[in-house]
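# Generate coordinates for the sequence data below:
(one chain, ligands or ions: 2)
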Amino acid sequence: MDGNIFEKILGQESLFLERRAFDHAFEPSRLPHRKHEIDSLVRNLVDALNGHIPSNMLLYGVPGSGKTVVTRFVLSQLLDKGKEMGESVRCYEINCRNVDTKYRVVQNIASQLSQRGDAPIPFTGWPTDRVLDALISRMDREGGVHIIVLDEIDNLVSRSGDGLLYNLTNINTVLNNSRCCIIGISNDLHFTQHLDPRVSSRLSQEDLVFHPYSALEIQDILEERVDFGLREGSLDGGVVQLCAALAAQEHGDARRALDLLRISIQKAEQSEHALVGTAHVKMAQSQLEYDQVTPVLRTLPLHQKLVLFSIRLNEGNGLRNISTGEVYRTYSEACMKVGVEPLTPRRISSLLNELDTLGLIMARNVSKGRGGRSKQVNSAIPKAIDAIDALSESEPLIAQAAEGKYVLQSHL
Ligand SMILES: Nc1ncnc2c1ncn2[C@@H]1O[C@H](COP(=O)(O)OP(=O)(O)O)[C@@H](O)[C@H]1O
Ligand SMILES: [Mg+2]
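Ligands and ions are numbered 1, 2, ... in the order given. Down below sits the predicted model:
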């Protein structure tokens, strides 16, 4: 081999000037199209600097609509201002996807308030009330305003109920020397339905909805990152627009758009292109779709896999709007070939509903006259993904089933 194997890559000029501009954790200094949301947070949180208690807030919006990044931005500005004014303001950001029990949330915040000489609060083991008491006394010892952000709060409630929120939204009545404000952030608009009405009204004193970004708004967000993070002239015309359009179709998700752009740039680099083109975006989109769908395919139970296999097999043969009867025929044939007892048509009908819920197929009910109803299904897996291949990889029986010959209805 000529020279060191790292040399070729090391010498290659990167298209990125600042790769971190495309990282999820990057916090840009400007947040286009979130002025209204920033203003609402500021108008409420300014009370922290005025000696009052800011209202509790609930922030809603689809994933990737900027809830986390906007909240972090506003709080960091608040901390700066507090310092400048000599006001004691403390902020705690808890991601309830990772910290999802009452005990752990309280333990986490109380530990951040720990001072020398305090007994460390163990990760488990104390009665929850004792941890809560420790938190209250430490908040009072510190004084000032405490702002607790519970990000992805829907996870906490679905796992552990609303007990913690009951205590936290009531905490100002037991604090003597400090004030507290809760900001909940949820991807699920209906999340308060799972709350006790008292908790819900105390938590959502102010609601703030983050609408999904439009394609044009996402373009602006991407342009900022491109200016800062990318070598000038690296993008072919239409690249930013395509990333934005694809992400807007998804659900106005800025995270998806940034992922698409970052992977497109990496694809161009890998193929040693100095210019990122729309072809790279399409490759990036296929990769993201593949990464999204294949883990779901892999973990399906055997019969779900066999049903999906049967649908894709028929589609491969040119059939669309496949009737449940047809799915069942192919499914039974596949079961036969691999020596598995087929489930009843009724069970298959409910498996089809589950596949629909997972977004792997689209099923619709059609009336067949004289009150009869039947279902028609189409797979919803992107065409670029070889679903049968992905199913076969995780399940040898599917690989075996795929080798057989089938009596399929033709599309004519
Ligand atoms: N208005 C914006 N300007 C710049 N970047 C944004 C904006 N909104 C979202 N982003 C970026 O998009 C990604 C997703 O945003 P995030 O706040 O994590 O969404 P959410 O918390 O609503 O799921 C992050 O990388 C974030 O920096
Ligand atoms: Mg978030």
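# Next up, the contacts around whichever residue of the stretch 51-200 of the chain sits closest to ligand 1.
Closest residue of the stretch 51-200 of the chain to ligand 1, C-beta to the nearest ligand atom: Gly66 (2.8 Å). Where C-beta positions appear, they are placed from N, C-alpha and C, glycine not excepted. Gly66 is in contact with Leu31, Arg34, Glu37, Phe210, Tyr213, Ala254, counting by C-beta atoms under 8 Å, 6 or more residues apart in numbering.
# want to throw the residues you listed into a markdown table with neighbour count?
Shown next, in a markdown table, are the contacts of Gly66 (neighbours: other C-beta atoms under 10 Å):
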| residue | neighbour count |
| --- | --- |
| Leu31 | 18 |
| Arg34 | 22 |
| Glu37 | 22 |
| Phe210 | 20 |
| Tyr213 | 27 |
| Ala254 | 25 |
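# Export those residues as CSV, with columns for secondary structure and distance to Asn314.
Formatted as CSV, these follow (DSSP: H, G, I helix; E, B strand; the rest coil; distance: C-beta to C-beta, whole Å):
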residue, secondary structure, distance to Asn314
Leu31, coil, 47
Arg34, coil, 46
Glu37, helix, 47
Phe210, strand, 41
Tyr213, coil, 38
Ala254, helix, 38
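# and the two most separated of those residues?
With C-beta to C-beta as the measure, no two of the contacts of Gly66 lie farther apart than Glu37 and Ala254, at 13.1 Å.
# For stretch 400-412, buried residues please.
Ala401, Ala402, Tyr406, Leu408, Gln409 (16 or more other C-beta atoms under 10 Å).
# Closest one of the residues you listed to Leu45?
Ranked by distance to Leu45 (C-beta to C-beta), the buried residues of stretch 400-412 are led by Ala402 at 58.2 Å.
# okay, whichever strand or helix holds that closest one in PDB with CA atoms only?
Here Ala402 sits within helix 396-403, counting by DSSP states H and E. Taking C-alpha atoms only, helix 396-403 is exported to PDB below (Å, rounded to 0.1, in the frame of the first residue of the first chain):
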ATOM      1  CA  PRO A 396     -34.500 -16.300   8.000                       C
ATOM      2  CA  LEU A 397     -38.000 -17.500   7.500                       C
ATOM      3  CA  ILE A 398     -38.800 -14.500   5.400                       C
ATOM      4  CA  ALA A 399     -35.700 -15.100   3.300                       C
ATOM      5  CA  GLN A 400     -36.900 -18.700   2.900                       C
ATOM      6  CA  ALA A 401     -40.400 -17.500   2.000                       C
ATOM      7  CA  ALA A 402     -39.000 -15.000  -0.600                       C
ATOM      8  CA  GLU A 403     -37.400 -17.900  -2.500                       C
END
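# Flag the least confident of the buried residues of stretch 400-412.
Lowest pLDDT among those: Gln409, with 75.
# how far away is that residue from Gly316?
Gln409 sits at a distance of 13 Å from Gly316 (criterion: C-beta to C-beta, to the nearest Å).
# With Val226 instead?
The span separating Val226 from Gly316 equals 40 Å under the rule C-beta to C-beta.
# And those two? Which one has more around it.
Using other C-beta atoms under 10 Å as the criterion, Val226 and Gly316 rank with Val226 on top: 21 against 12.
# Wait, the more buried one touches Gly233, no?
No - the criterion here is C-beta atoms under 8 Å, and Val226 misses it with Gly233 at 10.7 Å.
# Pull up the overlap in contacts between these two.
With contacts defined as C-beta under 8 Å, 6+ apart, no residue is adjacent to both Val226 and Gly233.
# Secondary structure element holding Ile121?
Per DSSP H and E, Ile121 falls between elements, in no helix or strand.
# and Ile53, what are its phi and psi?
phi -100, psi 120 (degrees, to the nearest 10).
# can you pull the contacts of it?
Contacts here follow C-beta under 8 Å, 6+ apart; on that basis Ile53 touches Asp47, Val145, Asn172, Arg179, Cys180, Cys181.
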